[in-house]
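1. okay, predicted coordinates and the sequence, questions at the end:
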Number of protein chains: 2
Amino acid sequence: MSLGEFDLISRFFMRPEGQGPRRAQVGNGDDCAVIAPAPGHHIALSTDTLVEGRHFLSTVDPARLGHKSLAVNLSDLAAAGARPLGFTLALTLPRADATWLEGFSKGLLALADAHDCELIGGDTTAGPLTIGITVLGEVPAGGALLRNGARPGHELWVSGQPGEARLALEAFRGTLSLSTEDFQATRDRMECPAPRVALGLALRGVASAAIDVSDGLLGDLGHILRRSGVGATLHTEQLPRSACLTRQPAAQQLDMLLAGGDDYELLFTAPAEAHAQVLAAAQQAGVAVHRFGHIDAEPGLRLLDQGQPLANRWTSFDHFRA
Amino acid sequence: MSLGEFDLISRFFMRPEGQGPRRAQVGNGDDCAVIAPAPGHHIALSTDTLVEGRHFLSTVDPARLGHKSLAVNLSDLAAAGARPLGFTLALTLPRADATWLEGFSKGLLALADAHDCELIGGDTTAGPLTIGITVLGEVPAGGALLRNGARPGHELWVSGQPGEARLALEAFRGTLSLSTEDFQATRDRMECPAPRVALGLALRGVASAAIDVSDGLLGDLGHILRRSGVGATLHTEQLPRSACLTRQPAAQQLDMLLAGGDDYELLFTAPAEAHAQVLAAAQQAGVAVHRFGHIDAEPGLRLLDQGQPLANRWTSFDHFRA
């Protein structure tokens, strides 16, 4: 079936009065949306695009795709310690398919509601399936978590269990095999990542630097190290390994952990004195965190496995080189 | 040639210290950009996507494409009476081509600088050529120009000379022919629209409703009428006709004027008492404006040509139906 552009927006993306958060002074449907941060706060914003065939398979459940499209953006707010306010959606579709749109909008808006994040504007065009989201949040003035605050002696932390999303991707690609249960569990992690928004908020004033892990742990850690002008030592055996991951060969476990990507976990640093505060923040957010290394004044990355040096054979995922 | 994603961003889109506006507390290169409106102001934002083959031809000069990609977004800020602050760029490219990127970024950043609008973040992915921009501006709290303020008796105005961009498009399509000079002039209008930002700012507190003309004059007027719950009477002979347009057959002139699209002129209403203020605002902004009708309490659109009723055979451009 074919729908006109305006029908499509109002049918699938405009919320009835009283449904979903209402924060914008002017919402979806004027030339601009108008929104304001709370007094003493600034606007944090981030943008991410998902392209069919590159970031998702054409066979993915549209509801999960809707969820993930917003999740990867909320993850950037989480890494800045920002509270979600709203987002814009730029949807490019080969055709206006009501079944697809119903699923997509359902998954998208369910996650938006869960994070009190209003759909405040958007744009719909015809073309190859591409989903562009720009998300806005608020942070206390001067209080955003940045990449440049890691200092020698600070501890290195990661939330959740990185590596599972890549396990699922490799199973899809046929480069490894998983039991039905492991495939389902890791596929959920790949298709429905949970943005660590609550953890990011709880880490305000505690973490010294933060980033979300989208391109692989080492690659994203590299951004923190470069921005902060420091190096790091990693104890790879201290990285959390999920049950699914431990059923893979040891070398592959490290590949997934260190260079898997698509995790949307928070990678952050905090002063050693703040160790207990980090654990309290994680508890408050209901997310496990693990310390797995520390920041050094000496530039570069030192990988250790049970105290033995490990050669770094992993490089960052790069969309134009992968 | 092929470039990595991070090289690409830093080479073409990061500005050296002291070049271009610096407004973001945290700019391009962290998880989020952080930006704040001036005290007493809110954030106005809008998003627009340009898809190759749909919004532009693959043969277009990349610098002009860069200009237009931002111009259509700035035009939305203009229609809200917002002052540009910054924008995010989501670029999906089939490959990282340095020549293309150099031209594109040059055109994009030149227009951004002209409007003191900072590139504060972005995302680069591989895929079919798609340009997604979300632009942010500031408006005095409660002072945005909206679509819903048109009241019976208010005058209807339009800036510039609508219809020229569509003339060029039709010449490209081969449905009409233009002299070399006319083709060049109208092509400039299609490829390098001038967003009416200064006019939008000057119309704050003067215009009662505003929209930018992207889908055709009548279609966009329809949004104002629906939102405001009013109708309108148009005197089509009062619409400004450029020299190029007057060299076309009369019926075609009306097609271009009323349903051309891609004009990025401001269509707005203002109380009759504010007539002189509108002209003063236009003078201040250095843009011509023309009154061509008025708002009625009676719903619907009445088209007149030299006082004679004219049947409305034009419908709005719709991306999924055109």
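-> On my side now, so go ahead. A quick note: this is a predicted structure, and the numbers were derived from the prediction, not measured. Numbering: from 1, shown residues only, chains lettered A, B, ... in the order given.
2. now do the domain split for chain A, please.
-> A:5-140, A:155-310 (automatic domain parsing).
3. for A:Leu91, which non-adjacent residue is spatially closest?
-> Nearest non-adjacent residue to A:Leu91, counting by Cβ to Cβ, 6 or more residues apart in numbering or on different chains: A:Thr124, 5.0 Å away. (Each C-beta comes from the backbone N, C-alpha and C, glycine too.)
4. helix or strand for that neighbour, which one?
-> Using DSSP states H and E, the element containing A:Thr124 is strand A:118-126.
5. what about dumping the CA coordinates of the helix or strand that that strand is followed by to PDB?
-> Next helix or strand after strand A:118-126 toward the C-terminus (DSSP H and E): strand A:130-140. The C-alpha trace of strand A:130-140 is given here as PDB (Å, rounded to 0.1, in the frame of the first residue of the first chain):
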ATOM      1  CA  THR A 130      18.000   5.100   5.900                       C
ATOM      2  CA  ILE A 131      17.100   6.200   9.500                       C
ATOM      3  CA  GLY A 132      18.600   9.400  10.800                       C
ATOM      4  CA  ILE A 133      18.000  10.400  14.400                       C
ATOM      5  CA  THR A 134      19.200  13.500  16.200                       C
ATOM      6  CA  VAL A 135      18.600  13.200  20.000                       C
ATOM      7  CA  LEU A 136      18.600  16.100  22.400                       C
ATOM      8  CA  GLY A 137      19.200  15.900  26.200                       C
ATOM      9  CA  GLU A 138      20.000  18.300  29.000                       C
ATOM     10  CA  VAL A 139      23.100  18.400  31.100                       C
ATOM     11  CA  PRO A 140      24.000  20.800  34.000                       C
END
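6. what's the first helix or strand after strand A:130-140?
-> As assigned by DSSP H and E, the chain's next helix or strand after strand A:130-140 is strand A:155-159.
7. note down every partner strand of that following strand and its orientation.
-> Sheet pairing here is set by DSSP bridges, and for strand A:155-159 it gives strand A:266-270 (antiparallel), strand A:289-296 (antiparallel).
8. what's the most buried one of those strands?
-> Comparing the strands paired with strand A:155-159 by mean neighbour count (mean count of other Cβ atoms under 10 Å in any protein chain shown), strand A:266-270 ranks first with a mean of 29.
9. returning to what we had before: which helices and strands sit right next to the strand holding A:Thr124?
-> Strand A:118-126 is packed against helix A:5-12, strand A:33-35, strand A:83-93, helix A:98-114, strand B:41-51, with contacts defined by 3 or more Cβ pairs under 8 Å, 6 or more residues apart in numbering or on different chains; DSSP states H and E.
10. and the fourth one with strand A:83-93, angle?
-> This means helix A:98-114. Per axes from the mean of the first three to the mean of the last three Cα atoms, to 10 degrees, the angle that helix A:98-114 makes with strand A:83-93 is 170 degrees.
11. average pLDDT across helix A:98-114?
-> Mean pLDDT, taken over the full extent of helix A:98-114, equals 95.
12. buried set for that helix?
-> Within helix A:98-114, the residues scored as buried using 16 or more other Cβ atoms under 10 Å in any protein chain shown are A:100-101, A:103-105, A:107-109, A:111-112.
13. next, count neighbours for the residue nearest to A:Leu91.
-> 22 (other Cβ atoms under 10 Å in any protein chain shown).
14. hang on, it packs against A:Leu101?
-> No: A:Thr124 is beyond contact range of A:Leu101, at 9.8 Å (criterion: Cβ atoms under 8 Å).
15. got any residues that touch both of those two?
-> Here A:Thr124 and A:Leu101 share the contacting residues A:8, A:93, scored by Cβ atoms under 8 Å, 6 or more residues apart in numbering or on different chains.
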